[in-house]
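# predicted model and sequence below, questions to follow.
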Amino acid sequence: MIDGFAANVIGILGSILIVCAYAYNVYAKEVNAFLYNGSNLAGALLLTISLMMHFNLASFLLEIVWITIAIGGLWKAYRNHARQKS
């Protein structure tokens, strides 16, 4: 199990990843779907890990939804990439 300090650091890193992904999506001329969704997935996973120490049901449910959407986005990006190659 992780301690409170480590949980906070992990959660902050996850938050930074999600905010940076959002800024990338807003300001980039062309968005790489793998980078955008991968950053969101990594950030949501880190936040979920931090919730093991400081559990909050609402935040946990939000992260599950965020993870699901990011995985869906990665799957869509993979399918589009595979379609473009053929």
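Now that the structure is in, tell me what you want to look at. Numbers count the residues shown, from 1 in each chain.

# got the buried residues for the biggest helix by length in the chain?
Ranked by residue count, the top helix of the chain under DSSP state H comes out as helix 57-85. For helix 57-85, a neighbour-count test (16 or more other CB atoms under 10 Å) marks 63, 66-67, 70, 73-74, 77 as buried. Every residue, glycine included, has its C-beta placed from N, CA and C.

# what packs against it?
Contact here means 3 or more CB pairs under 8 Å, 6 or more residues apart in numbering; DSSP states H and E; on that basis helix 57-85 packs against helix 33-50.

# the helix it packs on to helix 57-85, inter-axis angle?
Comparing the axes of helix 33-50 and helix 57-85 via axes from the mean of the first three to the mean of the last three CA atoms, to 10 degrees yields an angle of 160 degrees.

# can you give me how far helix 33-50 is from the chain middle?
2 Å (CA atoms, centre = their mean, to the nearest Å).

# got the buried residues for that helix?
36-50.

# how about a markdown table for the buried residues of helix 57-85, with distance to residue 28 and pLDDT added?
What follows is the buried residues of helix 57-85, written out as a markdown table (distance: CB to CB, whole Å; pLDDT from 0 to 100):
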| residue | distance to residue 28 | pLDDT |
| --- | --- | --- |
| 63 | 24 | 97 |
| 66 | 20 | 97 |
| 67 | 23 | 98 |
| 70 | 17 | 98 |
| 73 | 15 | 97 |
| 74 | 17 | 98 |
| 77 | 15 | 96 |
